[in-house]
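[1] Fold the following.
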Amino acid sequence: MSELVIKVKGKEYVIKTDRRYAETDEWAKLENDRIVCGISDYAQKELKDIVAVELPQVGRVVRKGEELGMIDSVKATSPYYAPVSGKIVEVNRNLETSPELINKDPYGEGWIFVILPDDPREYTSLLPPEKYVEKIQQGKK
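    Now for the predicted structure:
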């Protein structure tokens, strides 16, 4: 699994190159016909210590950009969004008791949900890793 490591204002961020990114800092990884989603290393470091995650309902049909839930950290409560339209088919129940998995492993054990996309082209419209790096470096939120 390849990755880019960038430094912005003295902080180091890991951007995995095997997935795409939303402008709102969620990542999406295509696995067969499903898309696994979570928040980026950049997003989790901005939030700091995550203490709770509101998981979306399995079976819920969502539109791209729709708010799915909240992530609570010691610093703030922040919404996260659907990077693509589709149906939520799985959620990471481990986050109910161990929300800190997002801080420890945002691209692995800290995944949040899996979506069955309505339109696979929405995935390709997300930011490729290099463009997401540019977004972070420019400080766009």
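[2] buried stuff in the longest helix along the chain?
    What stands out as the longest helix in the chain, according to DSSP state H, is helix 129-137. By neighbour count on 16 or more other C-beta atoms under 10 Å, the buried set for helix 129-137 is 129, 132, 133, 136. The C-beta positions use only the backbone N, C-alpha and C, and glycine is treated the same way.
[3] Which member of those is positioned nearest residue 72?
    Proximity of these to residue 72 was ranked by C-beta to C-beta; the top entry is residue 136 with 22.8 Å.
[4] Touching, that closest one and residue 42? I think so.
    Yes - using C-beta atoms under 8 Å, residue 136 makes contact with residue 42 at a distance of 5.3 Å.
[5] what is in contact with those two at once?
    When contacts are counted by C-beta atoms under 8 Å, 6 or more residues apart in numbering, the set common to residue 136 and residue 42 consists of 13, 15.
[6] Mind giving me the packing neighbours of the longest helix of the chain?
    Taking 3 or more C-beta pairs under 8 Å, 6 or more residues apart in numbering; DSSP states H and E as the contact definition, the neighbouring helices and strands of helix 129-137 are strand 3-8, strand 11-16, strand 20-21.
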